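In: sequence and predicted model, in that order:
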Amino acid sequence: MFRFRQFALFVLGILWLVPATDAREITLTFDDAPRGDGRVYSGEARTRALIAALERAGVPGAMFFAVGRNVDASGRERLARYAAAGHVIANHSQTHQSPQALGLEGYLADVRQADGVLRDLEGFQPYFRFPFLNEGRESVMRDGLREGLLDLGYRQGYVTVDNYDWYMEALLQQALEAGREVDFAALGALYVALLLESVAFYDAIAVETLGRSPRHVLLLHENDLAALYVEDLVAALRGDGWTVVSALHAYADPLAGQLPDTLFLGQGRVAALAAEAGRSKPSLVHESEDEDWLEQRFEAAGVFGPAPAWSPFDETLLYSDNADGVTRVMLRDGARGAPRTLTSGDAGGNYPVPSPDGHRIAFQRRDAAGQLDVWLMNADGSEPRRLTTDPAHDYLPAWRPASDQLVFLSRRAVSGNGDSARYYMLDLVDLEQRSRPGEQPFSVSPPGTSAPVAWSPDGTFLILTRSTGEGAADLYLAAPDGTVQRRLTDDERYNGSPSVSPDGRHIAFYSQGGSHSRIEVMGVDGNDREVIVGQGLNWSPHWSPDGAWLLFSRSMTADHSDTDLFVVPARPGARPRVLVSGPGRQAEASWAPR
């Protein structure tokens, strides 16, 4: 312990040779990197967004405190991107636990394990930040940890401005999960205002306790809120007279050598030094560091709308997934529920569509020779049975409302015209009773492309897709017998995968041109066309039962090998949210009927 105190005094003496400053300087630091997916950004997308925002804001050398257990191959790549952008990587432990949970030796072993994960990364600097700013509940533990970190060559990545940005993030994620509308402008304004209040609060304590404004260290987390609003935060800080500096510059402040002799450390170094000087501890905690207070402030600001009666995050989801190399039909009870496999074995299956009564699921499956056929199973995956047996591909089934009829595409030859795809109707009652062939031609003229039909909820019309040129297709309104009545789109894009809204008044579809495919909505007459999702590669929209949301697939890679499921309110300008993500392709989704 004597050697630790000698070293601490030496560091303190050296740092006091550095001139103090009242220049109102502050640095940004981000804990818990690299965090997993949120409901606004996937982890990968958040890293890209945060780097871009920091660059636009001109933020030099922010510091990202990484948790070792988060650093898989993707996590290492994300940390490398932060470093390549000029930011610093530091240690935030391996498992993000408290000293009380691990004990002195266990805690230091946890730090060493994270060091082994992080030290060889570009941009790494030996700074350590205690998770929860918790250095222990006893001075023996605190001093043992401080000395152990010095033995490992670490300096403390202390904080001077504490706040509850982590709880603000939790409120956002909970609201999105509940399907509540979010006023993102109001959210950003409140987020920035609360952080500015915290900065002013702790700076006032510093001036009172130290007689000066040190180079402050702002605690943030690598979360969706930071990616959304850090640029606004930096602009507000500068507007309030602050200069944003690098973390290494901030940690050269003499404050780095002032180790508080107190156990009141959870509000950061400035508050700890004030407590050591005799100031009352309750006066050192900003009012926003209270969950009930924050909830009331968020409600008062009107950030979140009321919880809807129907939430896209709570409903049963039917989709296909090929994470293990075989495409299978999956059922998930809510976005957070565990997925269940409905098609077992190597045959798998995909493109599931629930029957109108919700008791059965039609899907397509390849046999060992690669032949596609239409299959049927019960809603729980039991009793799978093959419906089509023609040597040609039969695929993309669609239920006719309030019936036992399916329309599907088939590439069987007709009148010597080769294997051009045509629509066929399959009547399950006829098929089961063997009264006549179950399959009958449905639409005489071939569509020239592979796309499913979309029925209106009352079965009075349907939407067809037809090829109109090289790489182009348009949507057509048709009568229940398949007779085309009206062309709805007329451009050089590929317009496909239509879905009719529950009230029968609107059509959602994807429209691809070049390297982007948009999710669009238009009236059933083809008018009032609006872009709902304009960026990325998106397809296969599906309406929610209340008509308020669209479920769609988005490709996360250029080769479409990795796709995730997103939802978005069915209006222009709304923000898509991740519903299901993971390795491989999660696609061809719909909500199962209640």
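Out: Happy to help now that I have it. For clarity, every value in this text was computed on a predicted model and none was experimentally measured.

In: switch to C-alpha atoms for all contacts and neighbour counts from now on
Out: Will do.

In: in the stretch 201-350 of the chain, which spans are strands?
Out: For the stretch 201-350 of the chain, the strands defined by DSSP state E, counting those that start in this stretch occupy 216-221, 243-244, 316-321, 328-333, 339-341, 350-354.

In: could those strands go into a markdown table alongside distance to residue 383, mean pLDDT and mean neighbour count?
Out: Below are the strands of the stretch 201-350 of the chain laid out as a markdown table (distance: least, C-alpha to C-alpha, whole Å; pLDDT from 0 to 100; neighbours: other C-alpha atoms under 10 Å):
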| stretch | distance to residue 383 | mean pLDDT | mean neighbour count |
| --- | --- | --- | --- |
| strand 216-221 | 49 | 98 | 24 |
| strand 243-244 | 64 | 98 | 20 |
| strand 316-321 | 17 | 93 | 24 |
| strand 328-333 | 14 | 92 | 23 |
| strand 339-341 | 14 | 92 | 16 |
| strand 350-354 | 15 | 95 | 25 |
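
In: redo those as CSV? Include distance to residue 55.
Out: Shown next, in CSV, are those (distance: least, C-alpha to C-alpha, whole Å):
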stretch, distance to residue 55
strand 216-221, 17
strand 243-244, 13
strand 316-321, 37
strand 328-333, 39
strand 339-341, 39
strand 350-354, 42
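
In: and those strands: which comes nearest residue 292?
Out: strand 216-221 (20.1 Å; C-alpha to C-alpha).

In: low-confidence stretches in the protein?
Out: Along the chain, the model assigns pLDDT under 70 to residues 1-22, 413-420, 430-439, 443-446.

In: which residue ranges form the strands in the stretch 51-200 of the chain?
Out: 63-66, 88-91, 124-128, 155-156.

In: could you dump the ones you listed to CSV with mean neighbour count and distance to residue 383?
Out: Shown next, in CSV, are those (neighbours: other C-alpha atoms under 10 Å; distance: least, C-alpha to C-alpha, whole Å):
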stretch, mean neighbour count, distance to residue 383
strand 63-66, 28, 49
strand 88-91, 28, 53
strand 124-128, 20, 56
strand 155-156, 18, 62
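
In: mind putting these into CSV with distance to residue 97?
Out: Output for these, formatted as CSV (distance: least, C-alpha to C-alpha, whole Å):
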stretch, distance to residue 97
strand 63-66, 13
strand 88-91, 13
strand 124-128, 14
strand 155-156, 17
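
In: coming back round to it: residue 23 is nearest to which of the strands of the stretch 201-350 of the chain?
Out: strand 243-244 (7.6 Å).

In: roughly how far does the closest residue to residue 132 other than its chain neighbours sit from residue 272?
Out: Distances taken as C-alpha to C-alpha, 6 or more residues apart in numbering put residue 266 closest to residue 132, at 6.8 Å, once the chain neighbours are dropped. Distance check for residue 266 against residue 272: by C-alpha to C-alpha, to the nearest Å, it reads 8 Å.

In: more neighbours: which of these two?
Out: Comparing residue 266 with residue 272 by other C-alpha atoms under 10 Å, the one with more neighbours is residue 272, at 23 against 17.

In: any idea how far residue 290 is from the more buried one?
Out: For residue 272 relative to residue 290 (C-alpha to C-alpha), the value is 19 Å.

In: what of residue 392?
Out: 65 Å.

In: comparing the two, which residue is more hemmed in?
Out: residue 392 (16 against 13).

In: ranges for the helices of this protein?
Out: 2-15, 43-57, 73-84, 99-118, 139-151, 165-177, 184-210, 224-239, 247-250, 269-276, 291-300, 428-433 (DSSP state H).

In: starting at the chain centroid, how far to the fifth one?
Out: For helix 139-151, the distance from its own C-alpha centre to the chain's C-alpha centre is 38 Å (C-alpha atoms, centre = their mean, to the nearest Å).

In: repeat for the third one
Out: On the basis of C-alpha atoms, centre = their mean, the separation between the geometric centre of helix 73-84 and that of its chain is 18 Å.

In: with the second one instead?
Out: Using C-alpha atoms, centre = their mean, the mean C-alpha position of helix 43-57 is found 14 Å from that of the whole chain.

In: what residues sit buried inside that helix?
Out: Neighbour-count burial for helix 43-57, counted by 16 or more other C-alpha atoms under 10 Å, picks out 43, 44, 45, 46, 47, 48, 49, 50, 51, 53, 54, 57.

In: mind putting the residues you listed in CSV, distance to residue 157 included?
Out: Shown next, in CSV, are the buried residues of helix 43-57 (distance: C-alpha to C-alpha, whole Å):
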residue, distance to residue 157
43, 24
44, 25
45, 27
46, 23
47, 21
48, 24
49, 24
50, 21
51, 21
53, 23
54, 20
57, 23
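
In: from the residues you listed, which is closest to residue 448?
Out: Among the buried residues of helix 43-57, and counting by C-alpha to C-alpha, the member closest to residue 448 is residue 45, at 36.5 Å.
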